[in-house]
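K.L.:
Sequence first, predicted model second:
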Amino acid sequence: MDTSAYLTAVVEQTSTLAEWVDGQDAAAPVPTCPKWTLADLVDHVGGTQRMVAVLVGEQLAEPSKAFAAYVPAPADSAQWRAWLTETAEKAKQAFEGVADDAPVWDPSGASAGVPFWSRRLFGEISVHRADAAASLDKQYELEPEQAVAATEDWLDTMTSRGYWENRKDFAEAMRGTGQTLHFHATDAPGEWLARREPDRVALERTHTKADVAVRGPAVELLLVLSRRRPLTAAQALEVHGDRALLDQWIDHMDWVTDA
């Protein structure tokens, strides 16, 4: 997927989320993010999209101005649908006026800039729409190719140099001596090998033997790796090898502490 495809999907998925949450109980719990209410979820999704729109639209070299531009969601859930629709459109428009190679700050440590943020917004809405589905008892669906793209975003972000350096708990837990985990989508092209090294987690896109391997439908991989579905509930996934190594990996796949 390219930047345009990512942002089109962001708008589409945000529209679905907006329909789901329209007029719902703001205090409803979000089971997949135990410390969040539905209001917290809506606020996070829309506020993040608006911040990224500022960051990319103004091609900022550091994030403070974008952070200061955070706009909280309306308190009245009857206003959420219009607000979320507007936030996604603002994000899409911001990217439309900026080249992929424009210098824009990002937290990955790789100076990935505009492509990083287009994919990150797509990954965000893909995972947080699953949160809304869990909260509101909705059916979560995602095309296999899009689930692969969202899984790629999750794994690439979690194994980035920036994440390693800024989440010391993650770094300590993931330090290794070459232990390997292989993730394989069976309904769309997507394979990843994560290798735990002393100073990083190296991520490769390859098919090879590993200490533990997980294979199955891309959407199941995404939900399990992002901790939106317990591995025990993902009946379509096959696990081969060191289950304890996989369990430890999943235990530490939290992008933010509360999620």
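P.N.:
Good, I have the coordinates. Numbers count the residues shown, from 1 in each chain.

K.L.:
who's in contact with the residue sitting furthest away from the middle of the chain?
P.N.:
For the chain, the largest distance from the centre (CA atoms, centre = their mean) belongs to Thr177, which lies 27.1 Å off. Thr177 sits next to 196-198 when contact means CB atoms under 8 Å, 6 or more residues apart in numbering. The way it works is simple: take the backbone N, C-alpha and C, and place the C-beta from them, glycine included.

K.L.:
what does Val21 give?
P.N.:
The contact partners of Val21, by CB under 8 Å, 6+ apart, come to 38, 41-42, 77, 80-81, 84, 132, 136.

K.L.:
Please, a PyMOL command that selects the buried ones among those residues?
P.N.:
Under the burial definition 16 or more other CB atoms under 10 Å, those of these that qualify are selected in PyMOL by:
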select buried, resi 38+41+42+77+80+81+84+132
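
K.L.:
Among the contacts of Val21, which lie within strands?
P.N.:
With DSSP state E as the criterion, strands contain none of the contacts of Val21.

K.L.:
and the contacts of Val21, which of them are in helices?
P.N.:
In helices, defined here by DSSP state H, the members of the contacts of Val21 are 38, 41-42, 80-81, 84, 132, 136.

K.L.:
ok, so of those, who is nearest Ala213?
P.N.:
Ala132 (30.8 Å; CB to CB).

K.L.:
my guess is that closest one meets Ala18, correct?
P.N.:
No: counting by CB atoms under 8 Å, Ala132 sits too far from Ala18 to count as a contact (9.8 Å).

K.L.:
Grab the nearest non-local neighbour of Glu141.
P.N.:
Excluding the flanking residues, the one nearest Glu141 by CB to CB, 6 or more residues apart in numbering is Val219, at 7.6 Å.

K.L.:
what residues are up against that neighbour?
P.N.:
Shown in contact with Val219 (CB under 8 Å, 6+ apart): 140-142, 144, 147.

K.L.:
Pull out the buried residues from the host helix or strand of Lys65.
P.N.:
Element membership of Lys65, judged by DSSP states H and E, is helix 64-68. Buried residues in helix 64-68, counting neighbours by 16+ other CB under 10 Å, are found at Ala66.

K.L.:
So what touches that helix?
P.N.:
For helix 64-68, contacts defined as CB under 8 Å, 6+ apart pick out 51-52, 54-55, 58, 60.

K.L.:
how about 10 Å then?
P.N.:
Identification of contacts with helix 64-68 by CB atoms under 10 Å, 6 or more residues apart in numbering yields 50-58, 60, 104-105.

K.L.:
For that helix, C-alpha coordinates in PDB please.
P.N.:
Taking Å, rounded to 0.1, in the frame of the first residue of the first chain, the C-alpha atoms of helix 64-68 are listed here in PDB:
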ATOM      1  CA  SER A  64       5.900  19.900  20.300                       C
ATOM      2  CA  LYS A  65       3.600  22.100  18.100                       C
ATOM      3  CA  ALA A  66       1.700  19.000  17.000                       C
ATOM      4  CA  PHE A  67       1.300  17.800  20.500                       C
ATOM      5  CA  ALA A  68       0.000  21.200  21.500                       C
END
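
K.L.:
chain center to it, what's the gap?
P.N.:
Centroid displacement of helix 64-68 relative to its chain, using CA atoms, centre = their mean, to the nearest Å, is 21 Å.

K.L.:
And stretch 219-229, by the same measure?
P.N.:
The chain centroid and the centroid of stretch 219-229 are separated by 11 Å under CA atoms, centre = their mean.

K.L.:
Flag every buried residue along that stretch.
P.N.:
Applying 16+ other CB under 10 Å to stretch 219-229 flags 219-229 as buried.

K.L.:
Please apply the same query to stretch 189-196.
P.N.:
The neighbour-count check on stretch 189-196 (16+ other CB under 10 Å) flags 190-196 as buried.

K.L.:
quick one: low-confidence parts of the protein?
P.N.:
Filtered on pLDDT under 70, the chain yields the residue ranges 255-259.
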